[in-house]
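*Asks:* Next comes the sequence, and after it the predicted model I'd like to discuss.
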Amino acid sequence: MSEFKRIPPEQAQALRQQGAVVVDIRDPQSFAAGHISGAQHLDNHSLHAFITQADLDAPLIVACYHGNSSQSAAAYLVGQGFSDVYSLDGGFELWRATFPDQTAQSPEE
């Protein structure tokens, strides 16, 4: 069985440019305030639909606040059949510091 890999923002950016999917597991308010451009918000309500619709072989990057919670989520997704899973070291906070031009905000509801 494969394991997830921990990667720094620079490696995650390279994977994104090759088509990797980015999921953000932070709370909805934090995601709306700022997230990695193109990231999908993933929570307990959207998880099942995401898993059933996803390409299990596509690279998948999991992001959280600082890179801790994403490790548990990445391990869970590996257990659900994803074969190429990465946890973003430093989370969104390090990403925002490294690539400030590669962040987005959700429109106000």
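*Replies:* Noted; the coordinates are in hand.

*Asks:* Which parts of the protein are strands?
*Replies:* In the chain, the segments counted as strands under DSSP state E are 5-7, 21-24, 35-36, 40-41, 60-63, 85-88, 103-104.

*Asks:* Those: which one's closest to Ala49?
*Replies:* strand 40-41 (10.7 Å; C-beta to C-beta). For every residue, glycine as well, the C-beta is placed using N, CA and C.

*Asks:* And the contacts of the closest one?
*Replies:* For strand 40-41, contacts defined as C-beta atoms under 8 Å, 6 or more residues apart in numbering pick out 21-24, 26, 28, 31, 35, 46, 50.

*Asks:* swap the cut-off to 10 Å and go again
*Replies:* For strand 40-41, the external contacting residues (C-beta atoms under 10 Å, 6 or more residues apart in numbering) are 21-28, 30-32, 35, 46, 50, 54, 106.

*Asks:* returning to what we had before: determine which stretch of the strands of the chain is the most buried.
*Replies:* strand 60-63 (a mean of 28; mean count of other C-beta atoms under 10 Å).
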